[in-house]
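**Student:** sequence and predicted model, in that order:
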Amino acid sequence: MHVATSPSFKENAHRALADAGLQKALARSGPSFIARRTAAVAALPEFEQLRDIARDIKNHTLAHLDFYLEEWEAKVLAAGGKVHWCATADEARDAVLEICRSANARTVTKGKSMISEELDINDHLERHGITPVETDLGEYIIQLRHELPSHIIAPAFHLNKEDWEESFRKSHTDLPPDRVFRERHDILTEARAKLREKFLAADVGITGANFLIAETGSSVIVTNEGNGDLTQTLPRVHIVLASIEKIVPTIEDCTSLLRVLARSATGQDFSVYTTFSTGPRRPGDLDGPDEYHVVLVDNGRSAMLGTEFQEMLRCIRCAACMNHCPVYGVVGGHAYGWVYPGPMGAVLTPSLIGVNQAGHLPNASTFCGKCESVCPVKIPLPKLMRHWREREFERHLTPPVVRTNLALWGFFARRPALYRLVTRAAALTLGLLGRKRGRFHKLPFAGGWTGGRDLPAPEGDTFFARYAREQRSGRIR
Amino acid sequence: MLAAIRRSLRRGALPEDQAAMLRGRLAAHPRHLIPARSRLPHAEQVALFVANVEKEFGSVALVPDLDAVPEAVASYLAAQNLPTDLVMAPHPELQAIPWTTRPLLRLREGRAEASDLVSLQHAFAGIAETGTLMLPSAPQRPTTLNLLADTAIVLLRTSRLVGAYEEAWDLLRAELGDMPRNVMLVTGPSRSADIEQTLELGAHGPRRLHVVLVEDAA
């Protein structure tokens, strides 16, 4: 089982900051994601309007979620598929195992699926004698290394070429140990050959779903590698793992969401393979699975409906929020300690594993608002993080030092004259002390802050004082 | 689970008049905003399609009619130094092509197997907006032909080329009725950026995607 290390986010983050390999990977990959999204968005003048449309489609669907799920189920059944309704993670794990057992499955190939990580399906299958094989290149190496993905669309975001080579040499022991990996392409070629055998041998293929379509009963996956398609086309049985909020009403609704998904995620106009699956093999078909199952998972989502966190259920898992997050950008995904990292993880994780476990995560934000500004379905992530902070405080889960300091700050904030006096004195002192270097590496009582970053020295006065001065001089009206 | 959803939404099952309205929306499947980039005269849509396929690392050969297809396929394979054995979709339009004019091409009809190096698929439609091929599964159009071979060649007629995805879906609804088992929208050859977030072509699907575009539009 994935043991959540979210409660020790602070320690995780400290470790991440000191991890040279991780820092190298983050510095290399972070800026490229941002640049590619920016270029893709700039090339589509209607992008902002499409974000509003995407948000509205999701809101409409969530408001009528029960209706659309029932319509969708009827279409799946009509196409010859089966739907397994699973309220909890345990039910979903058992449903997957049961389908695999009735297919006498020995090996199972898997397309990339975050819900599968959330349910920890691999562990469950292995413990019951079935071998799961991750086929997305990033997921494959994560599985070889027994790690969790560090990013929701780029699972191996934290790894460098050396790590790939090392893992492949250790795992592919049938190949010559002295083989040379000159380029990244050599790694890819070795993985392609290894996984081709697995695709052909698998009895069951498990994929996730980016969308479920009520109009047609289809499940939709989006990949660039083609691994998801091989996973759902070659084995006798196809299992789709999907959570309830993946549903959209029509193909047109799905199409509009697809227009913002790839651009927000990888900065592509469209992913290489966008595939709509509807039921099992039809009469006369030369390929395709004989059985088509959807394991439909709630696992805490219906409880988010009707609360301030309902908006989180619009998420289409593009990862733009973490790609643009200054905190994710320096600590990486593993520090968040569970399946979903970054801003979307900071909001979703407390909902799914509890605020006592993950109430910490919403504090790992500078509230710069970048995440919300790039979200293709306009989820107000900073607002939702603030809701969690309030809940954490109400439930007295906030550490005593923080509570004391907040109380102290509150004392001054309620006495404006005193507040201004104290802050002016502090700004003046720190301004004088830091005049030479412009920043502080260390400050008494502020080790928690300066341990990870420098504090810029104030210029000698407060914002309030300066504002009043400028107003008096007539420069501001 | 439905009960839990309704509890959270603080209501029971939808009243019949509301349900009927939503069923109407499903039946009408209204379009949303369609980007202006593909709203072009047909000849420019063809040009946009070609530009987009090439941008996504695919290639395109434009030929005047079906008779010219064997030559186009043979010369592409020769230029890429590829074998001349092909697995071809058993589609009547492909079967009607005069393949005997290029006797060196050895064709087998059916689904693709792991040993096939080159496949020839028939496209239902092309979408200019992003240079995307629509490949719905059918006995005449096996899905494995889109996936297993190292080199995927796809035949598309320009009369089947539309601007936006929505137009291709309307064609599919009008001509095929029910949703096929599998509909693949393919944009360029397989790729991965999982190693150091750097793009490499040829992950698990075809390493090359070549579109033979037959000019048959009026």
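**Tutor:** Now that the structure is in, tell me what you want to look at. Residues are numbered from 1 along each chain as shown, chains lettered A, B, ... in the order given.
**Student:** going forward, measure contacts and count neighbours with C-alpha atoms only.
**Tutor:** Fine.
**Student:** tell me which element the residue of the stretch 1-150 of chain A found nearest chain B falls in.
**Tutor:** Going by C-alpha to the nearest C-alpha, chain B is nearest to residue A:138 of the stretch 1-150 of chain A, at 5.2 Å. Per DSSP states H and E, residue A:138 falls inside helix A:137-144.
**Student:** for the record, mean pLDDT for that helix?
**Tutor:** Helix A:137-144 comes out with an average pLDDT of 95.
**Student:** can you check stretch A:396-414 too?
**Tutor:** For stretch A:396-414, the mean per-residue pLDDT is 83.
**Student:** could you list the buried residues of that stretch?
**Tutor:** Of the residues in stretch A:396-414, A:397, A:398, A:412 count as buried by neighbour count, 16 or more other C-alpha atoms under 10 Å in any protein chain shown.
**Student:** and these, which is closest to residue B:27?
**Tutor:** Using C-alpha to C-alpha, residue A:397 comes nearest to residue B:27 of the buried residues of stretch A:396-414, at 49.7 Å.
**Student:** quick check: that closest one touching residue A:356?
**Tutor:** Yes: at 6.9 Å, residue A:397 and residue A:356 qualify as touching, with contact defined as C-alpha atoms under 8 Å.
**Student:** distance check, the residue of chain B positioned farthest from its centre against chain A.
**Tutor:** The outermost residue of chain B relative to its centre, with distances by C-alpha atoms, centre = their mean, is residue B:10 at 43.7 Å. Distance, residue B:10 to chain A, by C-alpha to the nearest C-alpha, to the nearest Å: 8 Å.
**Student:** what about the residue nearest to that residue when sequence neighbours are not counted, how many neighbours?
**Tutor:** Nearest non-adjacent residue to residue B:10, counting by C-alpha to C-alpha, 6 or more residues apart in numbering or on different chains: residue A:306, 7.6 Å away. When neighbours are defined as other C-alpha atoms under 10 Å in any protein chain shown, residue A:306 has 17 of them.
**Student:** what is the burial count for residue 95?
**Tutor:** Just going to use chain A. 19.
**Student:** look at chain B instead
**Tutor:** The number of residues near residue B:95, taken as other C-alpha under 10 Å, comes to 12.
**Student:** low pLDDT regions in chain B?
**Tutor:** Scanning chain B with the threshold set as pLDDT under 70 gives B:218.
**Student:** what residues does stretch A:196-204 touch?
**Tutor:** For stretch A:196-204, the external contacting residues (C-alpha atoms under 8 Å, 6 or more residues apart in numbering or on different chains) are A:100, A:103-109, A:133, A:230-231, A:234-239, B:114, B:204.
**Student:** of all the buried residues of stretch A:396-414, which comes closest to chain B?
**Tutor:** residue A:397 (25.8 Å).
**Student:** need the three-state assignment for the closest one.
**Tutor:** Secondary structure state of residue A:397, per DSSP: H, G, I helix; E, B strand; the rest coil, is coil.
**Student:** now it: phi and psi?
**Tutor:** Note on residue A:397: backbone dihedrals following degrees, to the nearest 10 are phi -90, psi -10.
**Student:** so who does it touch?
**Tutor:** By C-alpha under 8 Å, 6+ apart, the contact list for residue A:397 reads A:356, A:359.
**Student:** residue B:216 belongs to a strand, doesn't it?
**Tutor:** No: using three-state DSSP, the assignment for residue B:216 is coil, not a strand.
**Student:** got the CA positions of stretch A:330-342 in PDB?
**Tutor:** C-alpha atoms of stretch A:330-342 as PDB (Å, rounded to 0.1, in the frame of the first residue of the first chain):
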ATOM      1  CA  VAL A 330      11.500  23.600  -6.000                       C
ATOM      2  CA  VAL A 331      10.300  20.600  -4.000                       C
ATOM      3  CA  GLY A 332       8.900  18.300  -6.700                       C
ATOM      4  CA  GLY A 333       6.000  15.900  -6.400                       C
ATOM      5  CA  HIS A 334       7.200  13.400  -3.900                       C
ATOM      6  CA  ALA A 335       7.300  15.900  -1.100                       C
ATOM      7  CA  TYR A 336       3.500  16.100  -1.200                       C
ATOM      8  CA  GLY A 337       3.600  12.500   0.100                       C
ATOM      9  CA  TRP A 338       0.700  10.900  -1.800                       C
ATOM     10  CA  VAL A 339      -0.700  10.400  -5.300                       C
ATOM     11  CA  TYR A 340      -1.600  13.900  -6.300                       C
ATOM     12  CA  PRO A 341       1.000  16.700  -5.900                       C
ATOM     13  CA  GLY A 342       1.100  20.400  -6.600                       C
END
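**Student:** hmm, that stretch in reach of chain B?
**Tutor:** No: applying C-alpha under 8 Å from any C-alpha of the partner chain, one finds stretch A:330-342 separated from chain B by no less than 14.1 Å.
**Student:** stretch A:365-384 now?
**Tutor:** No: using C-alpha under 8 Å from any C-alpha, stretch A:365-384 stays clear of chain B, with a minimum separation of 15.0 Å.
**Student:** next, the buried residues of that stretch.
**Tutor:** A:365, A:367, A:369-384.
**Student:** name the element residue A:52 belongs to?
**Tutor:** Judged by DSSP H and E, residue A:52 forms part of helix A:47-63.
**Student:** okay, now the domains of chain B?
**Tutor:** Following automatic domain parsing, one finds the domains of chain B at B:1-30, B:40-214.
**Student:** run the chain-centre distance for the longest one.
**Tutor:** When C-alpha coordinates are averaged (C-alpha atoms, centre = their mean, to the nearest Å), domain B:40-214 and its chain have centres 6 Å apart.
**Student:** same check, this time on the first one
**Tutor:** Taking C-alpha atoms, centre = their mean, one finds domain B:1-30 lying 34 Å from the centre of the chain it belongs to.
**Student:** name the nearest residue to residue A:39, sequence neighbours excluded.
**Tutor:** Leaving aside its chain neighbours, residue A:39 sits nearest to residue A:267 (7.1 Å; criterion: C-alpha to C-alpha, 6+ apart).
**Student:** what about that neighbour, distance to residue B:32?
**Tutor:** Here residue A:267 is placed at a distance of 22 Å from residue B:32 (C-alpha to C-alpha, to the nearest Å).
**Student:** can you check residue A:171 too?
**Tutor:** Per C-alpha to C-alpha, residue A:171 is found 49 Å from residue B:32.
**Student:** do a quick rundown of the strands in chain A.
**Tutor:** A:82-86, A:107-110, A:131-134, A:204-207, A:211-213, A:218-223, A:237-243, A:247-248, A:273-277, A:291-297, A:439-440, A:455-456 (DSSP state E).
**Student:** the fourth one pairs with which strands, and in what direction?
**Tutor:** Strand A:204-207 has the following strand partners under DSSP bridges: strand A:107-110 (parallel), strand A:237-243 (parallel).
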